[in-house]
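**Student:** sequence and predicted structure are below.
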Amino acid sequence: MARIMVIGGGIAGTAVALGLHKAGFGVTVHEAHPNTGADVGAFLTLASNGMRALAQLDAATLVAGLGFPLTAMHVLDENGRELAALPLGEHEHPLTRYRCLRRAALGAALQREVRRRGIPIRHAARLVSVAERAEDVTVTFADGSSATADLVVGADGLHSAVRTQLDPAAARPGYAGQRVFYGYTADAAVPPEGPSDRITMVRGSVAAFGYAVSPTGETYWFARVPGPPATAEELAGTTPAQWRERLLPLLRADRTPAADIVAATGEQLMVTNALQLNPGGRWHSPRTVLIGDAAHAASPATGQGASMALEDAVVLAKALRDARSPAAALDRYELLRRPRTERNIEVSGRLTAARSARPEPSSPDAAVPAARDSERPERRVDEELLRLLDWRTPLPATGATVRDRPGP
Ligand SMILES: Cc1cc2nc3c(=O)[nH]c(=O)nc-3n(C[C@H](O)[C@H](O)[C@H](O)COP(=O)(O)OP(=O)(O)OC[C@H]3O[C@@H](n4cnc5c(N)ncnc54)[C@H](O)[C@@H]3O)c2cc1C
C-alpha cells in the first residue's frame, strides 16, 4: 500500500496525513473548503489525550503555541456557589495541558504543518463518489476531476460523503437534544478569580454554561440549551443580537456570571444544533476507512471529539505501518478504536439527555456532588492508551477480525 488519499483537511484529516507520512506512505489531502476552512464550532478545548496524540505526530509543540492552557476546572451551581475545583488532565507538563483555542487557528496551523512536511493539500476538492476495485480505489470530486490511490481515508466530518459511499443505508447524524451557543467577548466583567488558566462550568437551572478567560482578557463561553433543534431557517436568518436576546432570559434566573458574559457579547455569537451518530455503523471496506467525526461523531458535551480524532489518526497510521496486509490493518484499527469512541458517544449523549430533562431543584444543604462526566477530567493517565498512542510501541494484537465483533 503506497498511495493514500485523505478526504477532508480538518483535524482528523491533517493529523492522519502527518501520521501516514511519518510512517512512510505517499499521502495527498483533498479538502472541500476553498481555503483553510470554516470557523464552525468557533473554539475547542483540546484535552490531554489529544495533546498526547499530537506529540506522537511531532505536532504538540506547534499546537501548544496556540490559544491558551487550561489547568483547572471549577464547577458552580445555579447560585454561583462553588461545588468543585479540580486540576485538569495532565496539567504538569506544558505539552499535555488542556488547551482552549480557536478552531480556525488549529485548522490553519495543522494545514501549514502538513504542507511544510511536503504533503500536498488540494482545496476546493469536494468528494462526491468512491469506486473501489480489487486493485485500487478511484474518487470523483464535484468539479468532475478524479484521483486514484490504494486506500481512501474518509476524514470528512459529521456529514461524511465517504461514509455514505461506504454504506448508503448508514443512518444520518441525529439531533442530540441541545442547541449550543458559542461566543467571545472582551467586554465581560468576569469576577476576579485568580490565574487565567481555569475553565468554569456552571450547572445552570436551564442551561449548562462554561467559560474561560484568555490571558489577554477575552472571555470564551458556551451554553448548551435543551429543547427542540433550531430550524435551518432560524440558523440562517437569526442575527447574533437576536440569539443573545433569546439566550439571556434562560440565564438571568441564576446568580452566576453567565448572563453578564452573554450580555457583553456582540457579533461574535454563534449557534448550532448538537448532533451525534448512532454507534454501530460500518467503518471500513477493503480500500476505504473512516476516522474522526465521519466514523463516530459525538454530541459536544464531553468535549472529546477532536481528541478522539487525533487518537484515531495515530492508531490508524500505526496499524497501516505495522500490519501484514491492509485488511488486517483496518480490522485492527477498528477493533482498537470502536469501543472507546462509541463510549464517548454514549457518555456525551447521556449528559446531553440529562441536561435536556427537567432540572431537579437543588438544595443549598446538599453535600457537594461529585463532578459529572463532562466535569470529570481524566486525572489518571491511562497506561493502555499511552501504549496505543506511543509511536515506537507496536499495536497490541487484537486476536479478532471485525467480522468476529458482536453486532451492535
Ligand atoms: C458546537 C461544537 C463544539 C465542540 N467542541 C469541542 C471541544 O471543545 N473539544 C473537542 O475535542 N471537540 C469538540 N467538538 C467536536 C469536534 O469539533 C469534532 O469532533 C472534530 O472537529 C472532528 O474532526 P474531523 O476532522 O473528524 O471533522 P471536521 O473538523 O468536521 O473536518 C472535516 C473536514 O472535511 C471537509 N469535508 C467535508 N466534506 C467533504 C467532502 N465531501 N470532500 C472533501 N472534504 C470534505 C470539511 O470541509 C472539513 O475540513 C465540538 C463540536 C461542535 C459541533
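**Tutor:** Looks like it arrived, so ask away.
**Student:** ok, Ala23 - contacts?
**Tutor:** Ala317, Lys318, Leu320, Arg321 (Cβ atoms under 8 Å, 6 or more residues apart in numbering). (Each C-beta comes from the backbone N, C-alpha and C, glycine too.)
**Student:** now do 7 Å
**Tutor:** Contact analysis of Ala23 by Cβ atoms under 7 Å, 6 or more residues apart in numbering lists Ala317, Leu320, Arg321.
**Student:** okay, now the unreliable bits of the stretch 301-408 of the chain?
**Tutor:** Within the stretch 301-408 of the chain, the stretches with pLDDT under 70 are 355-381, 399-408.
**Student:** could you rerun that using 80?
**Tutor:** Applying pLDDT under 80 to the stretch 301-408 of the chain picks out residues 353-381, 398-408.
**Student:** ranges for the strands of it?
**Tutor:** Here the stretch 301-408 of the chain has no strands by DSSP state E, counting those that start in this stretch.
**Student:** for it, which residues are neighbours of the ligand?
**Tutor:** Gly303, Gln304, Gly305, Ala306, Ser307, Ala309 (Cβ under 6 Å from any ligand atom).
**Student:** one more pass at 5 Å, please.
**Tutor:** With Cβ under 5 Å from any ligand atom as the criterion, the stretch 301-408 of the chain meets the ligand at residues Gly303, Gly305, Ala306, Ser307, Ala309.
**Student:** go on, the chain?
**Tutor:** So far as Cβ under 5 Å from any ligand atom goes, the chain lies against the ligand at 7-8, 10-12, 32-33, 37, 41, 44-45, 126-127, 156-157, 161, 180, 272, 292-293, 300, 303, 305-307, 309.
**Student:** picking that back up, just the closest of the residues of the stretch 301-408 of the chain next to the ligand to Thr219, please.
**Tutor:** Nearest to Thr219, judged by Cβ to Cβ, of these is Gly303 at 17.3 Å.
**Student:** next, count neighbours for that closest one.
**Tutor:** Using other Cβ atoms under 10 Å, the number of residues around Gly303 comes to 21.
**Student:** start at 50 instead
**Tutor:** New numbering, starting at 50: the last item is Gly352.
**Student:** which residue sits closest to it, ignoring its sequence neighbours?
**Tutor:** Of all residues beyond its chain neighbours, the one nearest Gly352 is Thr94 (5.1 Å), with distances taken as Cβ to Cβ, 6 or more residues apart in numbering.
**Student:** can you name the next helix or strand after whichever helix or strand that neighbour is part of?
**Tutor:** Using DSSP states H and E, Thr94 sits within strand 92-95. The helix or strand immediately downstream of strand 92-95 is helix 97-105, counting by DSSP H and E.
**Student:** right, I'll leave it there.
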